[in-house]
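*Asks:* next input, structure requested:
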Amino acid sequence: MANFKIGAHVRGENPIEEAKTLGISQIQLFLGDPQSWKGVIIPGDVTAEEFAKSAENIDVFVHARYLINVATTNNKVRIPSRKLLQTDVDTAASIGAKAVIVHGGHVTADDDPTVGYENWAKALDQLDMKVPVFIENTAGGSHAMARRVESIAKLWDRVGDFGVGFCLDTCHAHAGGIDMGNLAETILGITGRIDLIHCNDSRDAADSGADRHANLGQGQIELDNIINCLKIANAPVILETPGEGVAEDIALLAKALA
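*Replies:* Next up is the predicted model:
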């Protein structure tokens, strides 16, 4: 059974109205400034209960803050990262969200990558996973936990038994140097699952390490490869493409996946 539910990341003060305007029943949002360690912000300046009620017909996914890096050996980053991830998970549960998506993180050039995978396991072992957590592949960094096929495989060998899911970002995969011709098959072969797709074109060349999204058909990823990836993955889709073209991207996918 195909699962081609199409949604988009929304950033406004009224994400539910934005979803209605776009004609979608699935959204992704932040619960605070993505570049800040500070507190929780529920869009619309409402309570968690009020938001959950307003979103009762909308599937909501929460993107954890960009600063979170539970893999690092730097205590001043790793410990606050664990706390902030728990905060985002707790708040996501309070608003009825489906899952929290978090980047794979990285270690430094002086670190053994094995330490990063082990730090992930330790973080998940202490995490109260009130809603599912999906680890997302990342675009750049030579010491990233989830950029290269080999690193994703090593990460999953360590964390797969914790019940985490996988979020596949097409722009990140392209920028990370993964073959886009059989992308979904490659990831499924490693993780056995793809729980969510971040569907994005890329402004930059393959293996550039640059995380710059483009609207579908406007970047450097072959559109047929993106569509094939979605069909093979058979997972819910969130567009993170530039806002001025997202309505056209939704229409394009709706037609291609009909």
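
*Asks:* quick one: the helices in this structure?
*Replies:* For the chain, the helices defined by DSSP state H occupy 15-22, 48-54, 75-94, 113-126, 149-159, 170-175, 183-191, 223-233, 246-256.

*Asks:* let me see the mean pLDDT of the last one.
*Replies:* Per-residue pLDDT over helix 246-256 has a mean of 97.

*Asks:* just the first one next, same as before
*Replies:* Regarding helix 15-22, the rounded mean pLDDT is 96.

*Asks:* elements contacting it?
*Replies:* strand 6-9, strand 26-29, helix 246-256 (3 or more C-beta pairs under 8 Å, 6 or more residues apart in numbering; DSSP states H and E). The way it works is simple: take the backbone N, C-alpha and C, and place the C-beta from them, glycine included.

*Asks:* can you redo those as CSV with mean neighbour count?
*Replies:* As requested, the helices and strands packed on helix 15-22 are exported to CSV (neighbours: other C-beta atoms under 10 Å):
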stretch, mean neighbour count
strand 6-9, 22
strand 26-29, 23
helix 246-256, 16
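
*Asks:* what about the ones you listed, which gets the closest to Gly140?
*Replies:* strand 6-9 (19.5 Å; C-beta to C-beta).

*Asks:* can you list contacts of the closest one?
*Replies:* Strand 6-9 has contacts (C-beta atoms under 8 Å, 6 or more residues apart in numbering) with 19, 22, 24-29, 59, 61, 63, 236-241, 246, 249-250, 253-254, 257.

*Asks:* do you know how far the closest residue to Ile190 other than its chain neighbours is from Gly141?
*Replies:* Closest residue to Ile190 apart from its sequence neighbours, by C-beta to C-beta, 6 or more residues apart in numbering: Ala153 at 4.9 Å. Applying C-beta to C-beta, to the nearest Å, the value for Ala153 to Gly141 is 17 Å.
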